[in-house]
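*Asks:* with the sequence up front, the predicted model follows.
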Amino acid sequence: MNQVYYWNRVCPTKFGTGASETIGDDAKAMGFSRVMLCTEQALMDFGIATKVQERLKDAGLEVFVYAACVPDAPSEVCDAGAAFARENNVDGIVAVGGGSTMDTAKAVGIILSMGGTTIADYYHIPEPEHKIRLIAIPTTSGTGSENSPGAVIRDAETGRKEIPVYKANLALVDPVLTYTVPASVTAATGLDVLAHAAEAITNRNFNAYGNIFAKEAIRLTMKYLKTACEKPDDVEAREKMAFASNLAGLAMAECGCSIGHTFSQTFAAMNHIPHGLGCAWALPSCMTYTARYGTREDLAETADAFGITVSDADDAEAIAKKIADILVAFMKELKVVSIKEKGYTLEDCLKATELFQYDAAYANAPGTPLSDDEIRAYIRETYEMYQ
Ligand SMILES: [Fe+2]
């Protein structure tokens, strides 16, 4: 490997059981006095966001709750969040939720920092200087959004995923907040961890730093995800999955993703399918895709993380098949539904073909740009590989 790359990632992170308990002091130390609590209604109802709200209030801060965040971070929800922040003259943002909630908060940060009214004006600008700072508190182990610079937004007009840039200024990663996440969501978000890690290794921007985080994220996920699904309050499994998610977020921030994420960010997003589930479906075929367009070396690194023995006689195709077989078996063990079981046909999936070129991960995938026939072949393989 002969690469020159810049390493300066991403935001300071406080990690561990109980890490979110100091939110009041942390927000105060960052100069917050009027806080926008950006979250989801369900997390208010379950008492998770309300706990954070209480801690902020106990520290003497005023809190303004914006609980309108929903999956896929629609641009109109981001715009409304910025208007809400402005109306209430907030001076800091605390995001409590999954990836879409943290992404919504990032978008609010961009709009306020730029002085505008809609995130649609800022999809392709460099990260603005932060006029308002953001503390991210993830409540799922999957997206790693607290550690990735991009905010994945669904544009209301085009339906496309756009990825403007705004890093959180501090992340509090507290596994306790994931104890109430149901098994199906734990599985899907955990498989998103695997996708971030395996796609980081196998895309064009792979580098040695990303490799360290990605391989450990894969190892931890394969060891602990099943337990986290089956025993929701298993302290060790939840801690290890929260750590794996954070590591994979770093790998993704450093290297990006590949065509598996393109499938999720087009087909799954079009159909409001959870992001992690879309990534899980697309990952085994992403490995065999890499055998066609990427390198044997990257697949061998990925296989090593999965604990797969690779011999000199194994070509890229053979290695990819071994990884894909393990992934499919693992998804079966976790009782992940297939695309077909979810009610979609191959024809439905193929409708995403023309959207691939607009997705941010697509350009990172080896072999791109692809012809429509090549994209269709990948989508077909995705549909057929996990039944
Ligand atoms: Fe993802």
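*Replies:* Okay, I see it.

*Asks:* for the chain, what's the longest helix?
*Replies:* helix 208-230 (DSSP state H).

*Asks:* alpha carbons only: can I get that one in CSV?
*Replies:* Extracted in CSV, the C-alpha atoms of helix 208-230 (Å, rounded to 0.1, in the frame of the first residue of the first chain):
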residue,chain,number,x,y,z
ALA,A,208,-4.5,1.8,6.9
TYR,A,209,-6.1,3.9,9.7
GLY,A,210,-9.6,3.1,8.6
ASN,A,211,-8.5,-0.6,8.4
ILE,A,212,-7.7,-0.7,12.1
PHE,A,213,-11.1,0.6,13.2
ALA,A,214,-13.0,-1.4,10.6
LYS,A,215,-11.4,-4.8,11.4
GLU,A,216,-12.0,-4.4,15.1
ALA,A,217,-15.6,-3.3,14.5
ILE,A,218,-16.2,-6.5,12.4
ARG,A,219,-14.6,-8.7,15.1
LEU,A,220,-16.7,-7.2,17.9
THR,A,221,-20.0,-7.3,15.9
MET,A,222,-19.5,-10.9,15.0
LYS,A,223,-18.9,-11.7,18.6
TYR,A,224,-21.5,-9.6,20.4
LEU,A,225,-24.4,-8.7,18.1
LYS,A,226,-26.3,-11.9,18.6
THR,A,227,-26.2,-11.6,22.4
ALA,A,228,-27.2,-7.9,22.2
CYS,A,229,-30.3,-9.0,20.2
GLU,A,230,-31.2,-11.9,22.5
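
*Asks:* can we start the residue count at 10 from this point?
*Replies:* That works, and once the first residue is 10, the last one we named lands at helix 217-239.

*Asks:* so Glu208 sits in a helix?
*Replies:* Yes - checked against DSSP: H, G, I helix; E, B strand; the rest coil, Glu208 lies within a helix.

*Asks:* quick check: the gap between it and Ala36.
*Replies:* 34 Å (CB to CB, to the nearest Å). The C-beta positions use only the backbone N, C-alpha and C, and glycine is treated the same way.

*Asks:* which of those two has more neighbours?
*Replies:* Glu208 (32 against 24; other CB atoms under 10 Å).

*Asks:* so what pLDDT did Asn11 get?
*Replies:* Asn11 is assigned a pLDDT of 49 by the prediction.

*Asks:* for the spatially most central residue of the chain, helix, strand, or coil?
*Replies:* Nearest residue to the geometric centre of the chain (CA atoms, centre = their mean): Thr152, 2.6 Å. Put simply, Thr152 is coil when judged by three-state DSSP.

*Asks:* specify the local secondary structure of Asp321.
*Replies:* Once three-state DSSP is applied, Asp321 turns out coil.

*Asks:* what about it, distance to Val182?
*Replies:* According to CB to CB, Asp321 stands 40 Å off from Val182.

*Asks:* name the residue in these two with the higher neighbour count.
*Replies:* Taking other CB under 10 Å, Asp321 and Val182 do not tie; Val182 has more neighbours (25 against 5).

*Asks:* hang on, isn't that one packed against Phe24?
*Replies:* Yes - contact criterion CB atoms under 8 Å: Val182 and Phe24 qualify, at 4.6 Å.

*Asks:* re earlier: which ones are touching the residue nearest to the centre of the chain?
*Replies:* Residues counted as contacts of Thr152 (CB atoms under 8 Å, 6 or more residues apart in numbering) are 107-108, 111, 198, 201, 254, 258, 284-285.

*Asks:* so where do the strands sit in this protein?
*Replies:* 22-24, 43-47, 71-75, 101-106, 142-147, 162-163, 170-171, 179-182 (DSSP state E).

*Asks:* quick one: list the elements packing against the first one.
*Replies:* In other words, strand 22-24. strand 179-182, helix 244-264 (3 or more CB pairs under 8 Å, 6 or more residues apart in numbering; DSSP states H and E).

*Asks:* nearest to Leu336, out of the ones you listed?
*Replies:* helix 244-264 (14.9 Å; CB to CB).

*Asks:* the closest one relative to strand 142-147, how many degrees between them?
*Replies:* 130 degrees (axes from the mean of the first three to the mean of the last three CA atoms, to 10 degrees).

*Asks:* which parts of helix 244-264 are buried?
*Replies:* Residues of helix 244-264 classed as buried: 246-264 (neighbour count, 16 or more other CB atoms under 10 Å).

*Asks:* mind exporting the C-alpha coordinates of it to PDB?
*Replies:* Only the C-alpha atoms of helix 244-264 are listed here, as PDB (Å, rounded to 0.1, in the frame of the first residue of the first chain):
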ATOM      1  CA  VAL A 244     -24.000  -5.000  29.700                       C
ATOM      2  CA  GLU A 245     -21.000  -6.400  28.000                       C
ATOM      3  CA  ALA A 246     -22.700  -7.000  24.600                       C
ATOM      4  CA  ARG A 247     -24.300  -3.600  24.600                       C
ATOM      5  CA  GLU A 248     -20.900  -1.900  25.500                       C
ATOM      6  CA  LYS A 249     -19.100  -3.800  22.800                       C
ATOM      7  CA  MET A 250     -21.700  -3.100  20.200                       C
ATOM      8  CA  ALA A 251     -21.700   0.600  21.100                       C
ATOM      9  CA  PHE A 252     -17.900   0.600  20.700                       C
ATOM     10  CA  ALA A 253     -18.100  -1.300  17.400                       C
ATOM     11  CA  SER A 254     -20.500   1.200  16.100                       C
ATOM     12  CA  ASN A 255     -18.200   4.100  17.100                       C
ATOM     13  CA  LEU A 256     -15.200   2.400  15.500                       C
ATOM     14  CA  ALA A 257     -17.000   1.700  12.300                       C
ATOM     15  CA  GLY A 258     -18.200   5.300  12.200                       C
ATOM     16  CA  LEU A 259     -14.500   6.300  12.300                       C
ATOM     17  CA  ALA A 260     -13.700   3.900   9.600                       C
ATOM     18  CA  MET A 261     -16.500   5.300   7.500                       C
ATOM     19  CA  ALA A 262     -15.500   8.800   8.200                       C
ATOM     20  CA  GLU A 263     -12.000   8.100   7.100                       C
ATOM     21  CA  CYS A 264     -12.600   5.800   4.100                       C
END
